[in-house]
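Asks: My questions are about this predicted structure, shown below with the sequence.
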Amino acid sequence: DVKVTQSSRYLVKRTGEKVFLECVQDMDHENMFWYRQDPGLGLRLIYFSYDVKMKEKGDIPEGYSVSREKKERFSLILESASTNQTSMYLCASRTPRLAGEGTDTQYFGPGTRLTVL
Amino acid sequence: DQQVKQNSPSLSVQEGRISILNCDYTNSMFDYFLWYKKYPAEGPTFLISISSIKDKNEDGRFTVFLNKSAKHLSLHIVPSQPGDSAVYFCAAGDSSYKLIFGSGTRLLVRP
């Protein structure tokens, strides 16, 4: 059974603080993702890592950075938190599907509800 | 530009009846589609998927239908149960790593 865990379920920070969100997966998946979920906007991709030390920007990377030093761990960093970064943050992992395979699946963690005051 | 759209933000259904959730997409390069279910304060959980080479996939009470010519898919839940009350996200993927998610539909199943 795939397990993706996130370091905090709820977090309250002040504007300007540096914030670290941690994600760990136990299925040896190569790919890991950070999304944010906002009402009416669905899930939007912030950053993606396809392997250790490898990362790509997603659709909304501004104000965020990431770190992947170990395969199982993917960290999201808010360098200077702002109120518009108040959101639900979701981490996911997957193994790339093989060519010709029908579908693949991303497995999500429980989410971190971040409030920036 | 939203590539995956769920035009109904909410749906209310009586227990035992059918729930039909709809999703439209614009990118013809998408070759597989997924539905995720999300309870409040939890991460999304995978529900069912379909490859573009199929037009139907069934798993218990859940069936996904794909109409490629209309670029439309739907999730049918029969019979609906109160525990099905959640937000349902449609997602689409192609040969890249990305999944594109819709904005979600909140389903309420009334006892």
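Replies: Now that the structure is in, tell me what you want to look at.
Asks: Can you name the element that comes right after the strand or helix carrying A:Tyr89?
Replies: For A:Tyr89, the enclosing helix or strand under DSSP states H and E is strand A:87-94. Next along the chain after strand A:87-94, taking DSSP H and E as the criterion, comes strand A:107-108.
Asks: could you give the mean pLDDT of that following strand?
Replies: Strand A:107-108 carries an average pLDDT of 91.
Asks: what's the neighbour count on residue 42?
Replies: Since you didn't name a chain, this refers to chain A. The number of residues packed near A:Gly42 is 21, by other C-beta atoms under 10 Å in any protein chain shown. Backbone N, C-alpha and C define where each C-beta goes, glycine included.
Asks: meant chain B, my bad for not saying
Replies: There are 15 residues near B:Glu42, going by other C-beta under 10 Å.
Asks: Ramachandran coordinates for it?
Replies: The phi/psi pair for B:Glu42 (degrees, to the nearest 10) reads phi -130, psi 160.
Asks: what sits against it?
Replies: With contact taken as C-beta atoms under 8 Å, 6 or more residues apart in numbering or on different chains, B:Glu42 is in contact with A:Pro110, A:Gly111.
Asks: Next one: it from A:Lys55, what distance?
Replies: 26 Å (C-beta to C-beta, to the nearest Å).
Asks: Is it correct that B:Val78 is in contact with B:Asp59?
Replies: No. Counting by C-beta atoms under 8 Å, B:Val78 sits too far from B:Asp59 to count as a contact (12.0 Å).
Asks: which of the two has more neighbours?
Replies: Ranked by neighbour count (other C-beta under 10 Å), B:Val78 and B:Asp59 place B:Val78 first, with 13 against 10.
Asks: count of neighbours near the residue lying closest to the more buried one once chain neighbours are set aside?
Replies: Nearest non-adjacent residue to B:Val78, counting by C-beta to C-beta, 6 or more residues apart in numbering or on different chains: B:Ile18, 4.7 Å away. Neighbourhood size, B:Ile18 [other C-beta under 10 Å]: 13.
Asks: re the thing from before, does anything pack onto the strand holding A:Tyr89? Which helices or strands?
Replies: Secondary-structure packing of strand A:87-94 (3 or more C-beta pairs under 8 Å, 6 or more residues apart in numbering or on different chains; DSSP states H and E): strand A:4-6, strand A:19-25, strand A:31-38, strand A:73-78, strand A:107-108, strand A:112-116.
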